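Trainee: Structure, please.
(4 chains)
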Protein chains: 2
Amino acid sequence: MLETCRSCVFNSVLFEGLSDEELNYLAGYASFEPFRKSDTVISQGDEVNFISFLKQGLLKVFRKNDDGKEQIISIAKPNDCVGLLTVFSDKHYQYSIAALEDSIIYYVELSRVKYILLQNGAFGMRLLGRVSLAADAIINNAYNIAKKNLRGRIAFILLEFADEIYRNDQFDLPLSRKEIGELIGMTTENVIRIFSEFRHDGILSISGKTITILNKQMLHSIEKFG
Amino acid sequence: MLETCRSCVFNSVLFEGLSDEELNYLAGYASFEPFRKSDTVISQGDEVNFISFLKQGLLKVFRKNDDGKEQIISIAKPNDCVGLLTVFSDKHYQYSIAALEDSIIYYVELSRVKYILLQNGAFGMRLLGRVSLAADAIINNAYNIAKKNLRGRIAFILLEFADEIYRNDQFDLPLSRKEIGELIGMTTENVIRIFSEFRHDGILSISGKTITILNKQMLHSIEKFG
DNA sequence: CGCGGCTTTGATGTTCATCAAGTAAAGTGG
DNA sequence: CCACTTTACTTGATGAACATCAAAGCCGCG
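Mentor: Modelled structure (predicted):
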(Lines give C-alpha, C1' and ligand atoms only; values in the text may rest on other atoms or scores of the structure.)
Protein backbone atom coordinates (compact mmCIF):
# COMPACT_ATOMS: atom_id res chain seq x y z
CA MET A 1 0.00 0.00 0.00
CA LEU A 2 2.87 2.36 0.77
CA GLU A 3 4.02 2.72 -2.81
CA THR A 4 0.48 3.34 -3.98
CA CYS A 5 0.10 6.02 -1.35
CA ARG A 6 3.36 7.73 -2.16
CA SER A 7 2.31 8.10 -5.76
CA CYS A 8 -1.31 8.99 -5.06
CA VAL A 9 -2.27 12.63 -5.27
CA PHE A 10 -3.92 12.35 -1.87
CA ASN A 11 -0.42 12.03 -0.51
CA SER A 12 1.07 14.96 -2.35
CA VAL A 13 -1.84 17.17 -1.42
CA LEU A 14 -2.20 16.43 2.24
CA PHE A 15 0.37 13.98 3.49
CA GLU A 16 3.58 15.14 1.90
CA GLY A 17 6.46 15.20 4.33
CA LEU A 18 5.24 12.33 6.46
CA SER A 19 7.70 9.55 7.23
CA ASP A 20 7.22 6.09 5.76
CA GLU A 21 6.23 4.90 9.19
CA GLU A 22 3.58 7.59 9.57
CA LEU A 23 2.25 7.03 6.10
CA ASN A 24 2.01 3.30 6.73
CA TYR A 25 0.13 3.96 9.92
CA LEU A 26 -2.44 5.91 7.92
CA ALA A 27 -2.40 3.86 4.75
CA GLY A 28 -2.97 0.56 6.50
CA TYR A 29 -6.41 1.81 7.36
CA ALA A 30 -7.14 3.79 4.24
CA SER A 31 -9.99 2.66 2.06
CA PHE A 32 -11.91 3.78 -0.97
CA GLU A 33 -15.46 3.56 -2.18
CA PRO A 34 -17.07 4.11 -5.58
CA PHE A 35 -20.31 6.06 -5.89
CA ARG A 36 -22.78 6.23 -8.74
CA LYS A 37 -24.19 9.47 -10.02
CA SER A 38 -26.80 10.88 -7.60
CA ASP A 39 -25.69 8.61 -4.74
CA THR A 40 -25.56 10.16 -1.30
CA VAL A 41 -22.01 10.24 0.04
CA ILE A 42 -22.58 11.94 3.38
CA SER A 43 -25.79 12.99 5.11
CA GLN A 44 -26.09 16.10 7.24
CA GLY A 45 -25.63 14.96 10.84
CA ASP A 46 -23.39 11.96 10.09
CA GLU A 47 -20.53 11.47 12.49
CA VAL A 48 -17.13 12.66 11.23
CA ASN A 49 -14.83 9.65 11.33
CA PHE A 50 -12.80 10.05 8.18
CA ILE A 51 -10.99 12.53 6.05
CA SER A 52 -12.38 12.11 2.54
CA PHE A 53 -10.57 12.81 -0.67
CA LEU A 54 -12.25 12.92 -4.07
CA LYS A 55 -10.04 10.86 -6.37
CA GLN A 56 -12.32 10.95 -9.37
CA GLY A 57 -15.71 12.40 -10.26
CA LEU A 58 -17.70 15.39 -9.04
CA LEU A 59 -19.64 16.06 -5.84
CA LYS A 60 -22.03 18.68 -4.57
CA VAL A 61 -21.92 19.88 -0.98
CA PHE A 62 -25.28 21.18 0.14
CA ARG A 63 -27.60 21.76 3.06
CA LYS A 64 -31.25 22.27 3.71
CA ASN A 65 -32.43 25.75 4.57
CA ASP A 66 -34.84 26.53 7.38
CA ASP A 67 -37.57 26.73 4.75
CA GLY A 68 -36.73 23.29 3.38
CA LYS A 69 -35.02 24.46 0.20
CA GLU A 70 -31.66 23.01 -0.67
CA GLN A 71 -28.67 25.26 -0.98
CA ILE A 72 -25.48 24.14 -2.68
CA ILE A 73 -22.42 25.31 -0.79
CA SER A 74 -19.75 24.17 -3.19
CA ILE A 75 -18.81 21.74 -5.93
CA ALA A 76 -15.95 19.38 -5.11
CA LYS A 77 -13.68 18.38 -7.95
CA PRO A 78 -10.97 15.73 -8.20
CA ASN A 79 -8.13 16.17 -5.70
CA ASP A 80 -10.31 18.14 -3.29
CA CYS A 81 -10.40 17.15 0.35
CA VAL A 82 -14.13 17.01 0.86
CA GLY A 83 -15.40 18.78 3.93
CA LEU A 84 -11.94 19.45 5.28
CA LEU A 85 -13.28 22.59 6.86
CA THR A 86 -15.75 20.90 9.20
CA VAL A 87 -13.59 17.92 10.05
CA PHE A 88 -11.83 19.86 12.78
CA SER A 89 -14.66 22.04 14.03
CA ASP A 90 -17.48 19.60 14.61
CA LYS A 91 -18.14 15.97 15.41
CA HIS A 92 -20.99 15.84 12.90
CA TYR A 93 -21.24 16.99 9.32
CA GLN A 94 -23.22 20.15 8.89
CA TYR A 95 -23.65 19.46 5.19
CA SER A 96 -24.78 16.64 2.95
CA ILE A 97 -22.73 15.47 0.01
CA ALA A 98 -23.96 13.74 -3.15
CA ALA A 99 -22.29 12.51 -6.32
CA LEU A 100 -22.97 14.53 -9.47
CA GLU A 101 -21.02 12.02 -11.55
CA ASP A 102 -19.71 8.52 -10.88
CA SER A 103 -17.01 9.15 -8.29
CA ILE A 104 -14.32 7.46 -6.27
CA ILE A 105 -13.59 8.63 -2.76
CA TYR A 106 -10.62 7.71 -0.59
CA TYR A 107 -10.93 7.65 3.17
CA VAL A 108 -8.37 7.90 5.94
CA GLU A 109 -9.41 7.40 9.54
CA LEU A 110 -9.64 10.75 11.29
CA SER A 111 -8.50 9.32 14.61
CA ARG A 112 -5.26 8.22 12.96
CA VAL A 113 -4.76 11.60 11.35
CA LYS A 114 -5.25 13.22 14.72
CA TYR A 115 -2.82 10.81 16.31
CA ILE A 116 -0.12 11.81 13.85
CA LEU A 117 -1.07 15.43 14.30
CA LEU A 118 -0.10 15.14 17.96
CA GLN A 119 3.32 13.73 17.04
CA ASN A 120 4.13 15.86 14.05
CA GLY A 121 3.83 19.61 14.36
CA ALA A 122 4.90 20.30 10.78
CA PHE A 123 1.99 18.22 9.57
CA GLY A 124 -0.35 20.33 11.68
CA MET A 125 1.07 23.49 10.21
CA ARG A 126 0.51 22.29 6.66
CA LEU A 127 -3.03 21.28 7.56
CA LEU A 128 -3.62 24.71 9.03
CA GLY A 129 -2.52 26.27 5.79
CA ARG A 130 -4.78 24.05 3.74
CA VAL A 131 -7.81 24.57 5.94
CA SER A 132 -7.30 28.33 5.86
CA LEU A 133 -6.96 28.33 2.10
CA ALA A 134 -10.13 26.27 1.70
CA ALA A 135 -12.01 28.69 3.94
CA ASP A 136 -10.66 31.70 2.06
CA ALA A 137 -11.81 30.20 -1.22
CA ILE A 138 -15.34 29.53 0.00
CA ILE A 139 -15.68 32.97 1.56
CA ASN A 140 -14.33 34.76 -1.50
CA ASN A 141 -16.61 32.75 -3.73
CA ALA A 142 -19.66 33.55 -1.66
CA TYR A 143 -18.92 37.28 -1.62
CA ASN A 144 -18.10 37.39 -5.31
CA ILE A 145 -21.26 35.62 -6.35
CA ALA A 146 -23.50 37.57 -3.99
CA LYS A 147 -22.50 40.92 -5.44
CA LYS A 148 -23.00 39.96 -9.08
CA ASN A 149 -26.25 40.34 -10.98
CA LEU A 150 -27.91 37.24 -12.44
CA ARG A 151 -26.22 37.38 -15.82
CA GLY A 152 -22.88 37.80 -14.09
CA ARG A 153 -23.53 34.79 -11.87
CA ILE A 154 -24.40 32.54 -14.78
CA ALA A 155 -21.31 33.72 -16.65
CA PHE A 156 -19.24 33.02 -13.56
CA ILE A 157 -20.24 29.42 -13.12
CA LEU A 158 -20.14 28.66 -16.83
CA LEU A 159 -16.55 29.87 -16.87
CA GLU A 160 -15.84 27.85 -13.76
CA PHE A 161 -17.08 24.66 -15.38
CA ALA A 162 -15.19 25.36 -18.59
CA ASP A 163 -11.90 26.49 -17.06
CA GLU A 164 -11.62 24.87 -13.65
CA ILE A 165 -13.51 21.62 -13.93
CA TYR A 166 -13.73 20.34 -17.49
CA ARG A 167 -10.95 22.41 -19.05
CA ASN A 168 -12.95 22.54 -22.24
CA ASP A 169 -15.33 25.06 -23.78
CA GLN A 170 -17.81 22.29 -24.48
CA PHE A 171 -19.08 20.19 -21.61
CA ASP A 172 -22.12 18.43 -20.18
CA LEU A 173 -23.63 20.30 -17.28
CA PRO A 174 -23.58 17.96 -14.29
CA LEU A 175 -26.29 20.06 -12.60
CA SER A 176 -29.94 20.58 -13.39
CA ARG A 177 -31.17 24.13 -13.94
CA LYS A 178 -32.71 23.94 -10.51
CA GLU A 179 -29.40 22.94 -8.93
CA ILE A 180 -27.60 25.76 -10.69
CA GLY A 181 -30.12 28.10 -9.12
CA GLU A 182 -29.41 26.57 -5.71
CA LEU A 183 -25.69 27.03 -6.26
CA ILE A 184 -25.68 30.69 -7.24
CA GLY A 185 -28.79 31.88 -5.45
CA MET A 186 -31.46 32.49 -8.08
CA THR A 187 -34.67 30.88 -9.28
CA THR A 188 -34.80 28.03 -11.77
CA GLU A 189 -36.83 30.18 -14.17
CA ASN A 190 -34.20 32.87 -14.29
CA VAL A 191 -31.40 30.36 -14.82
CA ILE A 192 -33.27 29.17 -17.90
CA ARG A 193 -34.15 32.66 -19.04
CA ILE A 194 -30.52 33.78 -18.97
CA PHE A 195 -29.34 30.61 -20.68
CA SER A 196 -31.82 31.39 -23.46
CA GLU A 197 -30.69 34.98 -23.56
CA PHE A 198 -27.05 33.93 -23.92
CA ARG A 199 -28.09 31.51 -26.67
CA HIS A 200 -29.93 34.24 -28.57
CA ASP A 201 -26.92 36.52 -28.19
CA GLY A 202 -24.69 33.86 -29.71
CA ILE A 203 -22.65 33.44 -26.54
CA LEU A 204 -23.67 29.84 -25.98
CA SER A 205 -24.94 26.88 -27.90
CA ILE A 206 -27.21 24.73 -25.76
CA SER A 207 -28.55 21.27 -26.39
CA GLY A 208 -30.09 19.81 -23.26
CA LYS A 209 -27.24 19.45 -20.77
CA THR A 210 -24.56 20.05 -23.37
CA ILE A 211 -23.14 23.55 -23.33
CA THR A 212 -20.74 25.03 -25.85
CA ILE A 213 -19.20 28.41 -25.16
CA LEU A 214 -19.07 30.31 -28.43
CA ASN A 215 -18.00 33.75 -27.26
CA LYS A 216 -15.78 33.43 -24.24
CA GLN A 217 -14.58 37.01 -24.29
CA MET A 218 -18.15 38.24 -24.00
CA LEU A 219 -18.77 35.80 -21.15
CA HIS A 220 -15.73 37.13 -19.35
CA SER A 221 -16.87 40.71 -19.62
CA ILE A 222 -20.38 39.80 -18.44
CA GLU A 223 -18.82 38.02 -15.48
CA LYS A 224 -16.62 40.99 -14.70
CA PHE A 225 -19.14 43.79 -15.04
CA GLY A 226 -22.21 41.86 -13.91
CA MET B 1 4.94 38.58 32.27
CA LEU B 2 4.07 34.95 32.76
CA GLU B 3 1.50 35.57 35.47
CA THR B 4 -0.13 38.27 33.39
CA CYS B 5 -0.32 35.92 30.44
CA ARG B 6 -1.76 33.04 32.41
CA SER B 7 -4.59 35.22 33.56
CA CYS B 8 -5.12 37.01 30.26
CA VAL B 9 -8.01 35.88 28.11
CA PHE B 10 -5.65 35.64 25.16
CA ASN B 11 -4.14 32.70 26.94
CA SER B 12 -7.36 30.93 27.73
CA VAL B 13 -8.61 31.39 24.22
CA LEU B 14 -5.61 30.37 22.22
CA PHE B 15 -2.72 29.29 24.36
CA GLU B 16 -4.29 27.07 26.99
CA GLY B 17 -2.38 23.89 27.53
CA LEU B 18 1.02 25.36 26.77
CA SER B 19 3.80 24.74 29.26
CA ASP B 20 5.25 27.61 31.29
CA GLU B 21 8.34 27.39 29.17
CA GLU B 22 6.39 27.67 25.93
CA LEU B 23 4.27 30.49 27.23
CA ASN B 24 7.36 32.37 28.34
CA TYR B 25 8.87 31.93 24.92
CA LEU B 26 5.83 33.62 23.42
CA ALA B 27 5.16 36.11 26.17
CA GLY B 28 8.66 37.49 26.21
CA TYR B 29 7.98 38.87 22.78
CA ALA B 30 4.34 39.73 23.16
CA SER B 31 3.37 43.37 22.92
CA PHE B 32 0.30 45.51 22.83
CA GLU B 33 -0.74 48.70 21.14
CA PRO B 34 -3.61 51.11 21.72
CA PHE B 35 -5.59 52.51 18.79
CA ARG B 36 -7.92 55.49 18.63
CA LYS B 37 -11.28 55.34 16.99
CA SER B 38 -10.95 55.33 13.16
CA ASP B 39 -7.24 54.44 13.28
CA THR B 40 -6.02 51.95 10.73
CA VAL B 41 -4.78 48.78 12.40
CA ILE B 42 -3.83 46.75 9.36
CA SER B 43 -3.75 47.67 5.67
CA GLN B 44 -4.59 45.25 2.90
CA GLY B 45 -1.28 43.87 1.66
CA ASP B 46 0.63 44.23 4.93
CA GLU B 47 2.93 41.38 5.77
CA VAL B 48 1.58 38.92 8.34
CA ASN B 49 4.09 38.86 11.19
CA PHE B 50 1.88 38.63 14.24
CA ILE B 51 -1.17 36.98 15.62
CA SER B 52 -3.40 39.79 16.87
CA PHE B 53 -5.90 39.60 19.66
CA LEU B 54 -8.47 42.28 20.38
CA LYS B 55 -8.29 42.86 24.12
CA GLN B 56 -10.63 45.82 24.23
CA GLY B 57 -12.66 47.86 21.75
CA LEU B 58 -14.22 47.12 18.38
CA LEU B 59 -12.75 46.69 14.90
CA LYS B 60 -14.03 46.40 11.38
CA VAL B 61 -12.46 44.02 8.90
CA PHE B 62 -13.02 45.19 5.34
CA ARG B 63 -11.72 45.18 1.82
CA LYS B 64 -12.04 47.22 -1.33
CA ASN B 65 -14.12 45.81 -4.15
CA ASP B 66 -13.02 45.83 -7.76
CA ASP B 67 -15.29 48.83 -8.25
CA GLY B 68 -13.65 50.72 -5.40
CA LYS B 69 -16.46 50.33 -2.89
CA GLU B 70 -15.62 49.11 0.57
CA GLN B 71 -17.13 45.93 1.85
CA ILE B 72 -17.11 45.03 5.54
CA ILE B 73 -16.35 41.37 6.09
CA SER B 74 -16.84 41.19 9.82
CA ILE B 75 -16.84 43.09 13.09
CA ALA B 76 -14.25 41.94 15.61
CA LYS B 77 -15.22 42.16 19.27
CA PRO B 78 -13.14 41.77 22.43
CA ASN B 79 -11.47 38.37 22.80
CA ASP B 80 -11.50 37.76 19.05
CA CYS B 81 -8.33 36.69 17.32
CA VAL B 82 -8.28 39.17 14.49
CA GLY B 83 -7.64 37.71 11.07
CA LEU B 84 -6.81 34.29 12.42
CA LEU B 85 -8.14 32.82 9.21
CA THR B 86 -5.62 34.44 6.90
CA VAL B 87 -2.64 34.13 9.21
CA PHE B 88 -1.95 30.60 8.02
CA SER B 89 -3.00 30.86 4.40
CA ASP B 90 -1.15 33.89 3.16
CA LYS B 91 1.94 35.95 3.82
CA HIS B 92 0.01 39.17 3.32
CA TYR B 93 -3.29 40.38 4.70
CA GLN B 94 -6.09 40.29 2.20
CA TYR B 95 -8.14 42.66 4.31
CA SER B 96 -7.77 45.98 6.03
CA ILE B 97 -8.68 46.50 9.65
CA ALA B 98 -9.70 49.74 11.35
CA ALA B 99 -10.78 50.67 14.86
CA LEU B 100 -14.45 51.53 15.33
CA GLU B 101 -13.81 52.43 18.96
CA ASP B 102 -10.70 53.06 21.02
CA SER B 103 -9.12 49.63 21.13
CA ILE B 104 -6.22 47.68 22.58
CA ILE B 105 -4.60 44.93 20.56
CA TYR B 106 -2.15 42.32 21.79
CA TYR B 107 0.42 40.85 19.45
CA VAL B 108 2.41 37.66 19.55
CA GLU B 109 5.11 37.03 16.99
CA LEU B 110 3.85 34.62 14.37
CA SER B 111 7.30 33.07 13.89
CA ARG B 112 7.31 32.11 17.56
CA VAL B 113 3.83 30.65 17.37
CA LYS B 114 4.91 28.61 14.38
CA TYR B 115 8.00 27.45 16.22
CA ILE B 116 5.89 26.11 19.06
CA LEU B 117 3.49 24.63 16.55
CA LEU B 118 6.33 22.48 15.27
CA GLN B 119 7.09 21.20 18.76
CA ASN B 120 3.59 20.79 20.10
CA GLY B 121 1.07 18.86 18.04
CA ALA B 122 -1.76 19.32 20.54
CA PHE B 123 -1.42 23.07 20.14
CA GLY B 124 -1.74 22.64 16.38
CA MET B 125 -4.86 20.59 16.80
CA ARG B 126 -6.49 23.22 19.00
CA LEU B 127 -5.56 25.89 16.49
CA LEU B 128 -7.10 23.82 13.70
CA GLY B 129 -10.32 23.62 15.66
CA ARG B 130 -10.38 27.34 16.26
CA VAL B 131 -9.60 28.25 12.67
CA SER B 132 -12.30 25.90 11.40
CA LEU B 133 -14.85 27.32 13.81
CA ALA B 134 -13.99 30.86 12.77
CA ALA B 135 -14.43 29.94 9.13
CA ASP B 136 -17.73 28.18 9.79
CA ALA B 137 -19.01 31.25 11.59
CA ILE B 138 -18.09 33.62 8.75
CA ILE B 139 -19.56 31.34 6.10
CA ASN B 140 -22.78 30.79 7.99
CA ASN B 141 -23.09 34.49 8.63
CA ALA B 142 -22.61 35.34 4.98
CA TYR B 143 -25.22 32.82 3.82
CA ASN B 144 -27.71 33.82 6.50
CA ILE B 145 -27.47 37.51 5.70
CA ALA B 146 -27.55 36.99 1.94
CA LYS B 147 -30.84 35.14 2.01
CA LYS B 148 -32.65 37.67 4.20
CA ASN B 149 -34.59 40.63 2.89
CA LEU B 150 -33.52 44.13 3.86
CA ARG B 151 -35.73 44.43 6.94
CA GLY B 152 -34.47 41.05 8.11
CA ARG B 153 -30.85 42.11 7.65
CA ILE B 154 -31.29 45.28 9.68
CA ALA B 155 -33.07 43.32 12.41
CA PHE B 156 -30.23 40.82 12.37
CA ILE B 157 -27.43 43.27 12.94
CA LEU B 158 -29.37 45.32 15.48
CA LEU B 159 -29.87 42.13 17.51
CA GLU B 160 -26.21 41.30 17.06
CA PHE B 161 -25.13 44.64 18.48
CA ALA B 162 -27.61 44.39 21.35
CA ASP B 163 -27.02 40.76 22.28
CA GLU B 164 -23.50 39.87 21.22
CA ILE B 165 -21.54 43.08 21.44
CA TYR B 166 -23.02 45.57 23.88
CA ARG B 167 -25.29 43.21 25.84
CA ASN B 168 -27.75 46.03 26.23
CA ASP B 169 -30.89 47.04 24.38
CA GLN B 170 -29.63 50.61 24.24
CA PHE B 171 -26.32 51.33 22.57
CA ASP B 172 -24.41 53.76 20.39
CA LEU B 173 -24.00 52.49 16.86
CA PRO B 174 -20.26 52.36 16.15
CA LEU B 175 -20.95 52.38 12.41
CA SER B 176 -22.28 55.04 10.09
CA ARG B 177 -25.39 54.25 8.05
CA LYS B 178 -23.09 53.84 5.06
CA GLU B 179 -20.93 51.31 6.89
CA ILE B 180 -23.97 49.33 7.97
CA GLY B 181 -24.89 49.11 4.32
CA GLU B 182 -21.39 47.89 3.50
CA LEU B 183 -21.67 45.26 6.23
CA ILE B 184 -24.99 43.73 5.24
CA GLY B 185 -24.99 44.47 1.53
CA MET B 186 -27.51 47.24 0.91
CA THR B 187 -27.54 50.93 0.04
CA THR B 188 -27.18 53.70 2.61
CA GLU B 189 -30.60 55.06 1.64
CA ASN B 190 -32.33 51.80 2.41
CA VAL B 191 -30.54 51.43 5.74
CA ILE B 192 -31.96 54.80 6.71
CA ARG B 193 -35.39 54.05 5.26
CA ILE B 194 -35.74 50.87 7.28
CA PHE B 195 -34.45 52.53 10.44
CA SER B 196 -37.19 55.14 9.98
CA GLU B 197 -39.73 52.43 9.30
CA PHE B 198 -38.79 50.62 12.51
CA ARG B 199 -39.02 53.90 14.40
CA HIS B 200 -42.50 54.60 13.04
CA ASP B 201 -43.55 51.07 13.95
CA GLY B 202 -42.41 51.61 17.52
CA ILE B 203 -39.70 48.96 17.29
CA LEU B 204 -36.81 51.37 17.78
CA SER B 205 -36.10 54.73 19.28
CA ILE B 206 -33.37 56.52 17.36
CA SER B 207 -31.41 59.61 18.27
CA GLY B 208 -28.41 60.05 15.99
CA LYS B 209 -26.15 57.10 16.69
CA THR B 210 -28.02 56.07 19.82
CA ILE B 211 -30.40 53.17 19.29
CA THR B 212 -32.90 51.83 21.80
CA ILE B 213 -34.72 48.61 21.05
CA LEU B 214 -38.31 49.00 22.23
CA ASN B 215 -39.87 45.84 20.82
CA LYS B 216 -37.35 43.06 20.77
CA GLN B 217 -39.86 40.32 20.11
CA MET B 218 -40.96 42.05 16.93
CA LEU B 219 -37.33 42.48 15.89
CA HIS B 220 -36.72 38.78 16.40
CA SER B 221 -39.64 37.79 14.25
CA ILE B 222 -38.59 40.22 11.50
CA GLU B 223 -35.10 38.72 11.64
CA LYS B 224 -36.50 35.20 11.47
CA PHE B 225 -39.04 35.63 8.71
CA GLY B 226 -37.20 38.31 6.75
C1' DC C 1 -17.88 80.67 7.70
C1' DG C 2 -18.04 77.38 4.08
C1' DC C 3 -16.90 72.94 2.52
C1' DG C 4 -17.52 68.05 2.37
C1' DG C 5 -19.36 64.14 4.23
C1' DC C 6 -23.37 62.13 6.62
C1' DT C 7 -28.35 61.84 7.01
C1' DT C 8 -33.00 61.96 5.42
C1' DT C 9 -37.10 61.74 2.24
C1' DG C 10 -39.33 61.35 -2.20
C1' DA C 11 -39.74 59.90 -7.08
C1' DT C 12 -38.45 56.76 -10.59
C1' DG C 13 -36.84 52.68 -12.92
C1' DT C 14 -34.60 48.11 -12.99
C1' DT C 15 -33.99 43.72 -11.48
C1' DC C 16 -35.66 39.79 -9.95
C1' DA C 17 -39.12 36.42 -7.78
C1' DT C 18 -43.50 34.63 -8.23
C1' DC C 19 -47.39 32.78 -10.57
C1' DA C 20 -49.33 30.40 -14.43
C1' DA C 21 -49.40 27.23 -18.16
C1' DG C 22 -47.59 24.24 -21.32
C1' DT C 23 -44.04 20.99 -23.41
C1' DA C 24 -40.50 17.62 -23.03
C1' DA C 25 -38.04 14.04 -20.71
C1' DA C 26 -37.37 10.56 -17.37
C1' DG C 27 -38.72 7.20 -14.10
C1' DT C 28 -42.24 3.50 -12.51
C1' DG C 29 -45.36 -0.19 -12.22
C1' DG C 30 -48.22 -3.35 -14.68
C1' DC D 1 -42.92 -2.14 -23.63
C1' DC D 2 -46.56 0.97 -22.81
C1' DA D 3 -49.48 3.94 -20.03
C1' DC D 4 -48.89 6.76 -16.16
C1' DT D 5 -46.77 9.84 -13.04
C1' DT D 6 -43.51 12.67 -11.79
C1' DT D 7 -39.78 15.71 -12.53
C1' DA D 8 -37.32 18.84 -15.49
C1' DC D 9 -37.50 22.49 -18.78
C1' DT D 10 -39.35 26.66 -21.05
C1' DT D 11 -41.85 31.13 -21.92
C1' DG D 12 -44.81 34.93 -20.69
C1' DA D 13 -47.17 38.15 -17.52
C1' DT D 14 -47.29 40.47 -13.20
C1' DG D 15 -45.88 42.59 -9.01
C1' DA D 16 -42.66 43.33 -5.18
C1' DA D 17 -38.30 44.48 -3.63
C1' DC D 18 -34.57 47.12 -4.15
C1' DA D 19 -31.12 50.46 -6.38
C1' DT D 20 -30.55 54.76 -8.32
C1' DC D 21 -31.20 59.59 -8.87
C1' DA D 22 -32.32 64.03 -6.98
C1' DA D 23 -32.72 67.56 -3.50
C1' DA D 24 -32.33 69.46 0.87
C1' DG D 25 -31.02 69.83 5.87
C1' DC D 26 -27.50 68.77 9.19
C1' DC D 27 -23.11 68.45 11.43
C1' DG D 28 -18.25 68.65 12.28
C1' DC D 29 -13.95 70.60 10.95
C1' DG D 30 -10.37 73.38 9.04
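
Trainee: tell me which element the closest residue to residue A:225 other than its chain neighbours is part of?
Mentor: Residue nearest to residue A:225 in three dimensions, not counting chain neighbours: residue A:152, with 7.2 Å by C-beta to C-beta, 6 or more residues apart in numbering or on different chains. Placement of C-beta: from N, CA and C, glycine included. In this assignment (DSSP states H and E), residue A:152 forms part of helix A:150-159.

Trainee: Pull the number of nearby residues for the residue nearest to residue A:225.
Mentor: The tally of other residues near residue A:152 (other C-beta atoms under 10 Å in any protein chain shown) stands at 19.

Trainee: buried stuff in the host helix or strand of residue A:133?
Mentor: In this structure, residue A:133 sits in helix A:121-147 according to DSSP H and E. By 16 or more other C-beta atoms under 10 Å in any protein chain shown, the buried positions in helix A:121-147 come out as A:121, A:123-128, A:130-136, A:138-139, A:141-143, A:145-147.

Trainee: on contacts alone, who are the packing partners of it?
Mentor: Applying 3 or more C-beta pairs under 8 Å, 6 or more residues apart in numbering or on different chains; DSSP states H and E, we find helix A:121-147 packed against strand A:70-76, helix A:84-87, helix A:110-119, helix A:150-159, strand B:70-76, helix B:84-87, helix B:110-119, helix B:121-146.

Trainee: residues contacting the residue nearest the centre of chain A?
Mentor: Taking C-alpha atoms, centre = their mean as the criterion, residue A:76 is the residue nearest the geometric centre of chain A, at 1.5 Å. Contact analysis of residue A:76 by C-beta atoms under 8 Å, 6 or more residues apart in numbering or on different chains lists A:54, A:58-61, A:82, A:97.

Trainee: Between the residues you listed, which sits nearest residue B:16?
Mentor: Distance to residue B:16, by C-beta to C-beta, is smallest for residue A:82 among those, at 30.4 Å.

Trainee: rewinding a little: how about the helix holding residue A:133, does it reach DNA strand D?
Mentor: No. Counting by C-beta under 7 Å from any atom of the strand, DNA strand D has no neighbours in helix A:121-147; the shortest distance is 10.1 Å.

Trainee: from the chain's centre, how far out does that helix sit?
Mentor: Distance of helix A:121-147 from the chain centroid (C-alpha atoms, centre = their mean, to the nearest Å) equals 13 Å.

Trainee: one step back: got JSON lines for the helices and strands packed on helix A:121-147, with distance to residue B:101 too?
Mentor: Formatted as JSON lines, the helices and strands packed on helix A:121-147 follow (distance: least, C-beta to C-beta, whole Å):
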{"stretch": "strand A:70-76", "distance to residue B:101": "34"}
{"stretch": "helix A:84-87", "distance to residue B:101": "31"}
{"stretch": "helix A:110-119", "distance to residue B:101": "38"}
{"stretch": "helix A:150-159", "distance to residue B:101": "36"}
{"stretch": "strand B:70-76", "distance to residue B:101": "11"}
{"stretch": "helix B:84-87", "distance to residue B:101": "21"}
{"stretch": "helix B:110-119", "distance to residue B:101": "26"}
{"stretch": "helix B:121-146", "distance to residue B:101": "21"}
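
Trainee: Quick check: the residue of chain A nearest DNA strand C.
Mentor: Per C-beta to the nearest atom of the strand, residue A:149 is where chain A lies closest to DNA strand C, at 3.3 Å.

Trainee: quick one: contacts for that residue?
Mentor: Per C-beta under 8 Å, 6+ apart, neighbours of residue A:149: residue A:226.

Trainee: and what of residue A:211?
Mentor: Shown in contact with residue A:211 (C-beta under 8 Å, 6+ apart): A:158, A:161, A:170-173, A:204-205.

Trainee: returning to that earlier point: next one: the helix holding residue A:152 to chain centre, how far?
Mentor: For helix A:150-159 - counting by C-alpha atoms, centre = their mean - the centre lies 17 Å from the chain centre.

Trainee: now check that helix, is it near DNA strand D?
Mentor: No. Helix A:150-159 stays clear of DNA strand D (C-beta under 7 Å from any atom of the strand), getting no nearer than 12.0 Å.

Trainee: for that helix, packing partners?
Mentor: For helix A:150-159, the elements it packs on are helix A:121-147, helix A:177-184, helix A:188-200, helix A:216-225, judged by 3+ C-beta pairs under 8 Å, 6+ apart.

Trainee: now do the same end-to-end measure for stretch A:179-192.
Mentor: Taking C-alpha to C-alpha, to the nearest Å, the first and last residues of stretch A:179-192 lie 12 Å apart.

Trainee: err, stretch A:26-44, not the other one
Mentor: Across stretch A:26-44, first to last residue, C-alpha to C-alpha, it's 26 Å.

Trainee: mind listing what's buried in it?
Mentor: A:26-27, A:30, A:35, A:41-42.

Trainee: Show me what residue A:98 is bridged to.
Mentor: Applying DSSP bridges to residue A:98 gives these bridge partners: residue A:40, residue A:60.

Trainee: on that earlier part again, check contacts around the closest residue to the residue nearest to the centre of chain A other than its chain neighbours.
Mentor: Excluding the flanking residues, the one nearest residue A:76 by C-beta to C-beta, 6+ apart is residue A:59, at 4.1 Å. Applying C-beta under 8 Å, 6+ apart to residue A:59 gives the contacts A:41, A:75-76, A:82, A:97-100, A:103.
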